[in-house]
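Chemist: What follows is a predicted protein model with its sequence.
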Amino acid sequence: MLDATEVPVILRRPHIHRGYRPLHQPTRYYYKSAFSAHNECLNVWTHFAPLFFLLYYYTYPELLLDSPRFPVLLLHFGHIVLYLGSSSAHLLHSRSPHDHIFWFIIDFAGIAIFGMSIGLQRYACESDLNPWIDWLYLPSLFMVSLLGQFFSSCALFVHHPFWKGRAIARMASGLFVAIWLYLPIIHRYTDPIESDDMSVHTRAFTWLIVSGIFMGGNFPERFFPGIFDVVGYGHQLFHLCVNMMGWNLLYAADRDCAASSGNPWMQIFQWRNFLCLITIIISSIIVIQTIKILTKKAQEKKYD
Ligand SMILES: [Zn+2]
């Protein structure tokens, strides 16, 4: 494995000195590297292992129900895209600076679809929606999550990867999206009804804030450079916190989404489910087009 000084600046992690995989190896080298010690290994597994946990303990039982709930499956879809995008990015980005840019745009895309799926599930399952939220939430979620966060994160990454304010801008827009995701259920905090327990939603938000501290603050490696190069640095802890947040979200969705009945396919034609389906399809198409355009732009640039 290489030291930080032996890889291009764009591939270096702040305060991580060792454990970098060599560049320009065949793709199978990076796949095999999932089973060797380097500074991305745990980032791969902390988001790949939960994928199986999700599929086995949540998605499969949901599919076995007489009528699987569409909003719950939508949330699972968001988790699957997040975990696949993130684990692939950490596994394959080290081959070259351009691979790095491409794979982390894929990672950002997974985060965007994950965020949208949380908002959509809450919107679809909430029985007592404010009429304003009912009409305006989906377009606003689209604007905040895709335009506000995904486009800005990707564009800054491709055009200004070394700008010092980039991490702060990403965290600020991420926090704004996270708050926006609570709009469909916020009235349950301000106007609680008996027996409604919001603690699981609060825990999900708390894990998100803690995850942001580890990711944005590069903690603990900032204070002990070189000590946590392979195990225990902030991004790995960030992944674990995201898993805890995801776990709380899955639990909350299972509780908040009422059991459905009848033909599961007909659920798609229920008004809110249908709008959510259209929103996620359009968002996915826009995200894929953005990946194509920005990858092309990145190919024209030179990164060191
Ligand atoms: Zn990551």
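Modeler: Looks like it came in fine.
Chemist: switch to C-alpha atoms for all contacts and neighbour counts from now on
Modeler: Fine.
Chemist: Contact partners for the residue nearest to residue 108 when sequence neighbours are not counted?
Modeler: Distances taken as CA to CA, 6 or more residues apart in numbering put residue 150 closest to residue 108, at 6.5 Å, once the chain neighbours are dropped. Contact analysis of residue 150 by CA atoms under 8 Å, 6 or more residues apart in numbering lists 108, 109, 112.
Chemist: Can you give me every residue that contacts residue 246?
Modeler: Residue 246 touches 79, 204, counting by CA under 8 Å, 6+ apart.
Chemist: if we go to 10 Å?
Modeler: 50, 54, 75, 76, 79, 114, 118, 204, 207, 208, 240, 252 (CA atoms under 10 Å, 6 or more residues apart in numbering).
Chemist: What of residue 109?
Modeler: Residue 109 neighbours (CA under 10 Å, 6+ apart): 81-82, 85-86, 103, 115, 146, 150-151, 153-154, 284, 287-288, 290-291.
Chemist: try it again with 7 Å
Modeler: 150, 287 (CA atoms under 7 Å, 6 or more residues apart in numbering).
Chemist: and if you look at the one 5 residues further on?
Modeler: With contact taken as CA under 7 Å, 6+ apart, residue 114 is in contact with 78, 79, 81, 82.
Chemist: Turn those residues into TSV, columns for neighbour count.
Modeler: Below are those laid out as TSV (neighbours: other CA atoms under 10 Å):
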residue	neighbour count
78	22
79	29
81	19
82	25
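Chemist: quick one: which of those residues sit in helices?
Modeler: Per DSSP state H, helices hold the following members of these: 78, 79, 81, 82.
Chemist: State the pLDDT value of the second one.
Modeler: Just to be clear, that refers to residue 79. In this model, residue 79 is scored at 98, pLDDT.
Chemist: Leaving aside the residues adjacent along the chain, what's closest to it?
Modeler: Nearest non-adjacent residue to residue 79 (CA to CA, 6+ apart): residue 114, at 5.8 Å.
Chemist: State the phi and psi torsions of that neighbour.
Modeler: phi -60, psi -50 (degrees, to the nearest 10).
Chemist: Where does the spatially most central residue of the chain fall, secondary structure wise?
Modeler: Most central in the chain under CA atoms, centre = their mean is residue 111, positioned 2.7 Å from the mean C-alpha point. Using DSSP states H and E, residue 111 maps to helix 97-125.
Chemist: what about that helix, average pLDDT?
Modeler: Across helix 97-125, the per-residue pLDDT values average to 96.
Chemist: Give the next helix or strand downstream of it.
Modeler: helix 131-142.
Chemist: now the angle from that following helix to helix 97-125?
Modeler: Calculated by axes from the mean of the first three to the mean of the last three CA atoms, to 10 degrees, helix 131-142 forms an angle of 170 degrees with helix 97-125.
Chemist: For the following helix or strand past helix 131-142, enumerate the helices and strands it packs against.
Modeler: Later in the chain than helix 131-142, the nearest helix or strand by DSSP H and E is helix 152-159. If contacts are counted by 3 or more CA pairs under 7 Å, 6 or more residues apart in numbering; DSSP states H and E, helix 152-159 sits against no helix or strand.
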